[in-house]
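In: This is a predicted model, with the sequence first.
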Amino acid sequence: MEDNQIVDLYFKRDEQAITVTRDKYGRLLRSVSYGILKSHEDSEECENDTYLKAWNVMPPQRPSILSAFLSKITRNLALDRYDKMHAAKRGGGEVPLIIDELQECIADMSAASSDDETEGTLLKAIIDEFLDGLAEDSRKIFMRRYFFGDSVNEIADRFGFGKSKVKMSLQRAREGLKDKLNKEGYYV
């Protein structure tokens, strides 16, 4: 079933929407949440929470790219769950490492524009342009690390690269992102 037909099912409040969504995107959503949580049980819970959240926001929202819309919901739910699970023991796992790695690229947004939505839209466009400019392997490595939360070892195994190639690709991508953000007026 096409994505627009699935979204129409949500708008009609047809419960088949969830079944069809699970069949088409369940594996992707579990993968997104597992990359952050490293737990099959928690990943399945995030997947189910995603269907509930999607049910509650459609309508009025009508996503143009359903897979990206669902992945973003899942990722945010997984990050929230991760924070709750690790509130007492900060510093362990991949998520704090990922945040530390990206910290050097991302400016302090507190001094930025007071219009957070506009600022977020502009930042998203800049990052999208940056990702479009990366070579395919670099883009895949970057996304697996910073969107899916994969470790360097997992990325190396997934693509058949050496760990040093993955680390170097990530370092170069972070430097490139930092330069891009600086050129666009986002000061680090």
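Out: Looks like it came in fine.
In: From here on, just use CA atoms for contacts and neighbour counts.
Out: OK.
In: How about the secondary structure of S67?
Out: Here S67 is helix, with the state taken from DSSP: H, G, I helix; E, B strand; the rest coil.
In: Show me what secondary structure element comes after the least confident helix or strand in the chain by mean pLDDT.
Out: Least confident helix or strand of the chain, by mean pLDDT, DSSP states H and E, is helix 94-103 with a mean of 69. Later in the chain than helix 94-103, the nearest helix or strand by DSSP states H and E is helix 116-133.
In: how far is that following helix from where the chain is centred?
Out: Helix 116-133 sits 14 Å away from the centroid of its parent chain (CA atoms, centre = their mean, to the nearest Å).
In: OK, contacts around E15?
Out: Contact analysis of E15 by CA atoms under 8 Å, 6 or more residues apart in numbering lists L9.
In: Now do it against V32, distance only.
Out: 24 Å (CA to CA, to the nearest Å).
In: what do you get for D157?
Out: 17 Å.
In: quick one: which of the two has more around it?
Out: V32 (27 against 12; other CA atoms under 10 Å).
In: by contact count, what packs against the host helix or strand of that one?
Out: Per DSSP H and E: V32 is located in helix 16-37. Counting contacts by 3 or more CA pairs under 8 Å, 6 or more residues apart in numbering; DSSP states H and E, helix 16-37 packs against helix 3-11, helix 40-57, helix 66-85.
In: Great, nothing more from me.
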